[in-house]
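Chemist: curious how this folds, go ahead:
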Amino acid sequence: MINFKRSINYSSLIFLVAFVMLILSGTLRMTMFVPQYRMIARMCTLFDYLPLLLVTAKVLLLDKLANRKKMVFVLLGLILLYSSYVSKYHDLTNSYFMIWGSLGVSLKRIFKTSFFTMLSVLVLTVLGSLLGLIPDLIYLRDGNFRIAAGTIYPTIFASMVFFTMVAYLCWQFKTTNKKVIMAGFGAMALVGLIVYIITDTRNDFICIELLALVTLWRYYGKALKFNLVRMIILIMPTVVFLWTAVSAFFFNPSSMLWNFFNQLFSNRLSLVAYAANRYSVQLLGQSLVEHGNGYSLKPVRHYFFIDSSFSRVMLLNGVIAFIIVYLAIQVAFYLIISKKQVFLTAFLLIFVVTMIEGTFSTLFMTVAFNVTLFALKVLLPSKEKFGYD
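Modeler: This next block holds a predicted model:
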């Protein structure tokens with residue numbers, strides 16, 4: 001029987017509803033459902049803004065925060081909203097509001113919600129392409145067919161699969177069931193291979209295989225207690241953000257070393273360096289006209305697209321946002337590492353893998369895909385203990 005006397009946690013419910021809306025908007029926009037069906041496009045537009053209103057109301061009206069902390073929430077939010085308005089790039093702002101809105105909601109519940117929502121969209125997208133409800137774009141590169149499987153581009157499909165598995169791994173990360181651990185390892189390794197065969201996307205293949213190795217963290221947990229290992233994990237945000245800045249401003253096309261890295265990164269370094277030199281980096285962001293692949297099989301003339309999450313923050317959101325994001329992630333790493341819990345140190349390995357993937361894709365900065373960003377809850381001015389359950 002239903003227990004009607006059982007109290008409902010409306011604060012948590014509001015966040016989860018808003019979170020599902022944002023995931024649906026973010027993931028469906030990466031599929032051919034949006035250009036094919038106007039109703040879905042309108043729903044995505046609604047789900048872009050309604051979640052922000054819901055979590056803002058939750059933080060200001062339901063969460064028990066001091067007025068000073070609410071002022072911090074509003075002021076930082078206004079800065080990011082202005083940056084998003086200027087750049088027309090909203091991922092960072094959406095993530096900021098959702099992370100604040102997650103106060104009082106367990107990480108495990110967030111991860112589970114993310115996994116099942118993204119998995120549902122993936123399954124519907126693949127089925128839709130197989131049944132002819134949406135186009136299945138197939139590209140040819142170096143003699144290899146690259147299948148988008150109902151998404152707007154093969155690399156997007158690979159990234160969506162990657163972040164769906166990130167959500168699953170985060171959700172099941174604390175399990176001690178050896179059968180579940182080994183099944184997860186085997187499934188991820190196999191899915192990574194299948195995605196590579198379908199999309200010919202080596203970057204996501206490598207990152208998926210790295211994720212598979214992270215599932216086995218209990219078998220090398222003792223190594224995560226070593227100070228050297230913990231220090232390497234700790235400095236990874238600095239390495240990634242420093243690499244982003246250095247490669248943008250010091251890339252030299254006549255250098256053999258830079259050309260090697262440019263080819264390794266599928267020509268991304270030269271495009272970012274071109275954007276940094278032509279448009280310069282603004283304090284509060286700017287809007288760039290990009291011409292990327294996707295949505296169509298027609299060849300793109302004058303291709304220009306910043307296909308790196310960190311470079312997009314620097315060039316689109318601006319220097320201030322870039323520095324704030326760097327400091328937030330680096331300080332969060334320090335606070336989590338300083339707890340000296342093997343489980344939390346291992347959890348940061350997932351974050352590191354997503355940062356590696358984020359240097360090759362545009363989906364890292366939005367919680368609609370990347371749930372590891374909720375690790376930044378450790379920075380929130382709340383009395384609740386940061387933890388998994």
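
Chemist: which other helices and strands contact the helix or strand where Gly192 lies?
Modeler: Gly192 is part of helix 178-199, with elements assigned from DSSP states H and E. When contacts are defined as 3 or more Cβ pairs under 8 Å, 6 or more residues apart in numbering; DSSP states H and E, helix 178-199 packs onto strand 144-147, helix 154-171, helix 202-214. (C-beta placed from N, C-alpha, C; glycine too.)

Chemist: so how far is it off the chain centroid?
Modeler: Mean-position distance between helix 178-199 and its chain equals 20 Å (Cα atoms, centre = their mean, to the nearest Å).

Chemist: stretch 73-89 now?
Modeler: Put simply, stretch 73-89 sits 19 Å off its chain's centre (Cα atoms, centre = their mean).

Chemist: tell me the buried residues in that stretch?
Modeler: Within stretch 73-89, the residues that count as buried by 16 or more other Cβ atoms under 10 Å are Phe73, Gly77, Ile79, Leu80, Ser83, Ser84, Val86, Ser87, Tyr89.

Chemist: now these in JSON lines, with distance to Phe260?
Modeler: Formatted as JSON lines, the buried residues of stretch 73-89 follow (distance: Cβ to Cβ, whole Å):
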{"residue": "Phe73", "distance to Phe260": "44"}
{"residue": "Gly77", "distance to Phe260": "42"}
{"residue": "Ile79", "distance to Phe260": "38"}
{"residue": "Leu80", "distance to Phe260": "36"}
{"residue": "Ser83", "distance to Phe260": "34"}
{"residue": "Ser84", "distance to Phe260": "35"}
{"residue": "Val86", "distance to Phe260": "35"}
{"residue": "Ser87", "distance to Phe260": "31"}
{"residue": "Tyr89", "distance to Phe260": "30"}
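
Chemist: please flag which of those residues sit within helices.
Modeler: Phe73, Gly77, Ile79, Leu80, Ser83, Ser84, Val86, Ser87 (DSSP state H).

Chemist: pull up the distance across stretch 128-140, start to finish.
Modeler: Taking Cα to Cα, to the nearest Å as the measure, stretch 128-140 stretches 22 Å from start to finish.

Chemist: so Thr366 touches Tyr96, yeah?
Modeler: No: Thr366 is not in contact with Tyr96 according to Cβ atoms under 8 Å; the separation is 10.5 Å.

Chemist: quick one: contacts for Gly26?
Modeler: For Gly26, the contacting residues are Thr366, Ala368, Phe369, by Cβ atoms under 8 Å, 6 or more residues apart in numbering.

Chemist: quick one: low-confidence parts of the protein?
Modeler: 1-8, 382-389 (pLDDT under 70).

Chemist: repeat the analysis, applying 50 as the threshold.
Modeler: Low-confidence segments of the chain (pLDDT under 50): 1-2, 4-5.

Chemist: in it, which spans are strands?
Modeler: 138-141, 144-147 (DSSP state E).

Chemist: tell me which of those strands sits most buried.
Modeler: The highest mean neighbour count among these, using mean count of other Cβ atoms under 10 Å, belongs to strand 144-147: a mean of 15.

Chemist: ok, so of the buried residues of stretch 73-89, who is nearest Val105?
Modeler: Phe73 (16.1 Å; Cβ to Cβ).

Chemist: look up how far Gly77 lies from Phe162.
Modeler: According to Cβ to Cβ, to the nearest Å, Phe162 stands 29 Å off from Gly77.

Chemist: correction: Ala66
Modeler: According to Cβ to Cβ, Ala66 and Gly77 sit 17 Å apart.

Chemist: go on, Asn267?
Modeler: Going from Asn267 to Gly77 by Cβ to Cβ gives 36 Å.

Chemist: repeat for Ser159
Modeler: Going from Ser159 to Gly77 by Cβ to Cβ gives 27 Å.

Chemist: Met160 too?
Modeler: In this view, Met160 and Gly77 are 28 Å apart by Cβ to Cβ.

Chemist: same check, this time on Lys69
Modeler: 12 Å.

Chemist: run a quick neighbour tally on the closest residue to Tyr196 other than its chain neighbours.
Modeler: Spatially, and ignoring its direct neighbours in sequence, Tyr196 is nearest to Phe205 (3.8 Å; Cβ to Cβ, 6 or more residues apart in numbering). Phe205: 19 surrounding residues under other Cβ atoms under 10 Å.
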